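Peer 1: below is the structure, and that's it, no one-letter string:
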């Protein structure tokens, strides 16, 4: 690891250098901000830059800003006297990772450096490698989880055939992205892709919206209208929220699938339809068939090769690469250079249940962009409900925040027995951590700051089988 130490005090530079070289850091020196900027320009980038606030020729704050521009991946640490703490706060707002008070304590220096390098390793891990399916001018489906890899495989198979497709999954899981991926990997990729949200169209207008109408077909139809199916000719039409259409529309859609033709409202002329239909829903269609709300014949026409998208809570290992992709997106949009998430923020994100799935994750990342002043998204930049999932101990470790009800009447005196509650909370914490890391022992031990041996002993103690979370 290359570190640049910047201070006009040669003795202090030597003290810092000696402490770092004991940890095998490769250290270079500069006596002021001008020399530091020159070294970063000609010999950089450095993994870390440690610089004093008050220096001749160029202040530490000015040097910090220039170094951050030249080398946004370098961690910068500020050294300051206690009386200049406000300068340190200002430096952190401008992208410094942390600050060190003078006289510099070697133990504190090494702790901060270790934390910085650990965060740097995590950031680099998120830069941002994960399998992805790319299509349609940079749109991507990202993930390395077993569940999403199965989706990739089905998409590739469906792209080679012309069958209708039913995509199922919770809101925000990316159903339209899957439909686009199928289209842009198929022989129809040069044809149009037309997306229709069936739930957003009033029932009395949906037939006209999909199939078009002739002039005078109904009150207010003062001109001929081309429907979505005609716009999609030679390509793919994506019908989202298919479970919301009426029985009458279900019959007309079934005809399109069976006979490959439709009739605009007010017309007696059939129009041939060279169109692939991809439908999507989160509705329980099987139950709707039982109650008569959805036609069984239409369901079977659509459900030839179904795709069921996993929720984000069922593919937690994809949270980091998905978040990384969104960081890249918002960096371009907002002109920022945020590099990733710090360990506490990522731990919180992995514990959260994500009812809104990927759409909610994107919202959280953009929220963090507004709050965060540094180049790494930290826990306190996340919304409160994510921060509440973890508690930070004085030593910096993160653990799941346990819940207990101390209201009178909810328990007897014996139920507040501390050893029993401690074991209950410990077991719950381990279970939640295993869920977050899909039963992987090494990752769970690392992120909960237990040794692997300790974790295995506790699994045996509480009778927890990590395989059930894989």
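Peer 2: Yes, it's here. Quantities reported herein were computed from a predicted structural model and do not represent experimental measurements.
Peer 1: roughly how far apart are the nearest residue to residue 318 once chain neighbours are set aside and residue 5?
Peer 2: Leaving out its chain neighbours, the residue that sits closest to residue 318 by CB to CB, 6 or more residues apart in numbering is residue 143, at 3.9 Å. (C-beta placed from N, C-alpha, C; glycine too.) Residue 143 is 41 Å from residue 5, where distance means CB to CB, to the nearest Å.
Peer 1: repeat for residue 169
Peer 2: From residue 169 to residue 5 the distance is 52 Å (CB to CB).
Peer 1: which one's more surrounded, the two?
Peer 2: Ranked by neighbour count (other CB atoms under 10 Å), residue 169 and residue 5 place residue 5 first, with 26 against 19.
Peer 1: tell me what that one is bridged to.
Peer 2: Going by DSSP bridges, residue 5 is paired in beta bridges with residue 29, residue 50.
Peer 1: ok, residue 148 touching residue 141?
Peer 2: Yes. In terms of CB atoms under 8 Å, residue 148 counts as a neighbour of residue 141; the distance is 7.2 Å.
Peer 1: who has more neighbours, these two?
Peer 2: Remark: of residue 148 and residue 141, residue 148 carries more neighbours, 24 against 21, as counted by other CB under 10 Å.
Peer 1: and that one, what does it touch?
Peer 2: Applying CB atoms under 8 Å, 6 or more residues apart in numbering, we find residue 148 in contact with 141-142, 310, 315, 318.
Peer 1: cool, and residue 227?
Peer 2: Counted by CB under 8 Å, 6+ apart, residue 227 has contacts 208-213, 262, 264.
Peer 1: of these, closest to residue 115?
Peer 2: Nearest to residue 115 out of those is residue 209 (CB to CB; 56.4 Å).
Peer 1: next, give phi and psi for the closest residue to the closest one other than its chain neighbours.
Peer 2: Nearest residue to residue 209, sequence neighbours excluded (CB to CB, 6+ apart): residue 201, at 5.2 Å. When read as degrees, to the nearest 10, the backbone of residue 201 gives phi -110, psi 130.
Peer 1: tell me how many other residues surround residue 201.
Peer 2: Count around residue 201 with other CB under 10 Å applied: 19.
Peer 1: how close does the most centrally placed residue in the chain sit to residue 339?
Peer 2: Central residue check for the chain by CA atoms, centre = their mean: the C-alpha nearest the mean position is that of residue 323, 2.9 Å away. Between residue 323 and residue 339 the distance is 12 Å, computed by CB to CB.
Peer 1: over to residue 80?
Peer 2: Counting by CB to CB, the gap from residue 80 to residue 339 is 24 Å.
Peer 1: which of those two has more neighbours?
Peer 2: Neighbours per residue (other CB under 10 Å) separate residue 80 from residue 339, with residue 339 holding more: 24 against 20.
Peer 1: does the more buried one touch residue 378 like I think?
Peer 2: No. Contact between residue 339 and residue 378 fails when scored by CB under 8 Å: they sit 11.9 Å apart.
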